Structure formats: structure tokens, C-alpha cells
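Chemist: Fold the following for me, if possible:
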Amino acid sequence: MGYVSAVPVPQPRAARPNGAAAAPGGRRSLAAALLLGALGATVVLLSAGQIWAEGTAAVGGGTLPVEADGGTVTGVPTALAIVGLAALVAVFAVRRAGRLLVSGLLALSGAGAALSAVLGASDSSALDAEAARITGDSAASVAGLAHTAWPYVAAAGALLILVAGLLALRFGRNWPAMGGRYEREGNPRAARRTARTGTDPDRPEDLWKALDRGEDPTRED
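Modeler: Numbers count the residues shown, from 1 in each chain. The predicted model follows:
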């Protein structure tokens, strides 16, 4: 009598659900965007408080040192860095087309902040205005004008915001959204419970009404 050896037959792998393969990449891009956006905005805001330009103004028979910080030279990088931070947070509060628009705003705020910082690196009008204020002479001008490296540091930080925006544009559709509504859409049990009881677990007033009726709004089906 012959024997047939049991040979394991390879089973086909279960197909991965849509988006499962992209999940690790989505998490990495999410972490990178958060880190780059927050770091870039911090660098821009800190750089704006540093001295961007300096020189001397003639007063009587002598000279007086004059300097201007980034906020005096131009307030655009600071304003756009704040816009970028707000957009970075808002990316997780919206979905689909809204997320695309906010991601674009994030990228544009970084690009605009970088451009304005580079332009501010060669600006002398703020220093002339500061010289006029100090000397009381509206025609005063600055001699020995020099610029520091801080405008370029601010531009580098703004480029990080730009990269965060580009990551959001490219991978943002795979990122999660904030709020209980998003969780309910991905949770069939929660959706059925809301449909059955008419109670939204994210609305405290609905929970109180359910308790008044003697119902348990947290009970699963």
C-alpha cells in the first residue's frame, strides 16, 4: 500500500486593503511634515527678533550706531509663519478638497516667507527710517550699512514650511482627520449606534437626553 506524503500547498496571500501598503509611508510623511512645519515656523519667528541690518548715522559732529531687527525690516515672514502654523493644524481638521486647499496655503506661506526674508536681506529703508527717528532728522541716512545672516536663517526656516506644505499636498490624502465624525465614518458600530438611537456621542446634550429617557447611549449593538 503506497503512502502519499502530505506536502503543504502554498496559500495565496490575502489581498491587502486599499491604502494598507501606503500606511507606513503616510505615517512617515505625516511625522516629517509636522516636524518640518513646526521647526520652520519656530526658526522664522526667532530669526525675526534678531538684528538684520546695522550701520551708523551722523549726529552733530559724531556718529551713532543704528540697527534694525527682522520685524522692523519686514513683518511678512512673521505673519506668514503664523499662517503656516495655523494651516499645519488645519490640515487635520479638513478632508478632501479642503485639505488640498489648506495644504496649498501651507506651501505658499512658506514660499512667501522665504522670498520676503531674502528681499529683506538687502533692504536699507528700515534702517534709514530708524536713523531718522533717532536723530530727529527726516533726511538722515545710514552709512556703513551691513546686513547679518539672520534673514537667510529665516529664509531657511521658511523653506522647511514649504517642504511641509509639499508633503501635505503629496501625501495628505492618506493622513487622518481630527474629530469624532471621522472616527464614526470608519467605525460601523458607532455609525449603527448613532442611527439606532439618534444620539451623537460627540454631543453632550444628546447624551443627557438619552440618559433622561433611561437609555444607555454607550451600549453597543
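Chemist: quick one, what contacts Val59?
Modeler: Residues near Val59 by Cβ atoms under 8 Å, 6 or more residues apart in numbering: 134-135. Quick note: C-beta positions are derived from backbone N, CA and C, even for glycine.
Chemist: and it, backbone torsions?
Modeler: Backbone torsions for Val59, taken as degrees, to the nearest 10, come to phi -130, psi 110.
Chemist: How are the strands of the protein distributed by residue range?
Modeler: Secondary structure of the chain by DSSP state E: the strands cover 51-59, 62-69, 142-147.
Chemist: deepest of these, which one?
Modeler: Mean neighbour count (mean count of other Cβ atoms under 10 Å) peaks for strand 51-59 among these, with a mean of 20.
Chemist: State the paired neighbours of that strand in the sheet, together with their directions.
Modeler: Applying DSSP bridges, strand 51-59 is found paired with strand 62-69 (antiparallel), strand 142-147 (antiparallel).
Chemist: Could you tell me the least trusted of those strands?
Modeler: Of all those, mean pLDDT reaches its minimum on strand 142-147 (a mean of 80).
Chemist: could I have that one exported to CSV, CA atoms only?
Modeler: The C-alpha trace of strand 142-147 is given here as CSV (Å, rounded to 0.1, in the frame of the first residue of the first chain):
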residue,chain,number,x,y,z
VAL,A,142,22.8,105.3,7.3
ALA,A,143,26.5,104.9,6.5
GLY,A,144,28.5,101.7,6.7
LEU,A,145,25.4,99.7,6.1
ALA,A,146,25.8,96.0,6.8
HIS,A,147,23.5,93.0,6.9
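Chemist: on that earlier part again, quick one: closest of the strands paired with strand 51-59 to Gly172.
Modeler: Closest approach to Gly172 among the strands paired with strand 51-59 (Cβ to Cβ): strand 62-69, 34.8 Å.
Chemist: Pull the residues that contact that closest one.
Modeler: With Cβ under 8 Å, 6+ apart as the criterion, strand 62-69 contacts 48-58, 126-127, 130-131, 134-135, 142-143.
Chemist: hmm, back to that, can you list the strands of the chain in a markdown table and add distance to Ala31?
Modeler: Converted to a markdown table, the strands of the chain look like this (distance: least, Cβ to Cβ, whole Å):
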| stretch | distance to Ala31 |
| --- | --- |
| strand 51-59 | 32 |
| strand 62-69 | 33 |
| strand 142-147 | 35 |
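Chemist: and this structure, what are its domains?
Modeler: Following automatic domain parsing, one finds the domains of the chain at 26-178, 179-221.
Chemist: Now do the contacts for the closest residue to Ala111 other than its chain neighbours.
Modeler: Of all residues not flanking Ala111 in the chain, Leu162 sits nearest, at 5.2 Å (Cβ to Cβ, 6 or more residues apart in numbering). By Cβ under 8 Å, 6+ apart, the contact set of Leu162 is 40, 107, 110-111, 114.
Chemist: now Leu162: how far from Ala58?
Modeler: As judged by Cβ to Cβ, to the nearest Å, Leu162 and Ala58 stand 41 Å apart.
Chemist: Ok, Ala32 next?
Modeler: Counting by Cβ to Cβ, the gap from Ala32 to Ala58 is 51 Å.
Chemist: do Leu108 as well
Modeler: As for Leu108, its distance to Ala58 is 42 Å (criterion: Cβ to Cβ).
Chemist: Just the C-alphas of stretch 69-76, formatted as PDB.
Modeler: The C-alpha coordinates for stretch 69-76 follow below in PDB (Å, rounded to 0.1, in the frame of the first residue of the first chain):
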ATOM      1  CA  ASP A  69      15.700  93.700  13.700                       C
ATOM      2  CA  GLY A  70      13.700  91.500  11.300                       C
ATOM      3  CA  GLY A  71      10.400  92.700  12.500                       C
ATOM      4  CA  THR A  72      11.400  96.300  11.700                       C
ATOM      5  CA  VAL A  73      12.700  95.400   8.300                       C
ATOM      6  CA  THR A  74       9.700  93.400   7.200                       C
ATOM      7  CA  GLY A  75       6.800  91.800   9.100                       C
ATOM      8  CA  VAL A  76       5.900  89.500   6.300                       C
END
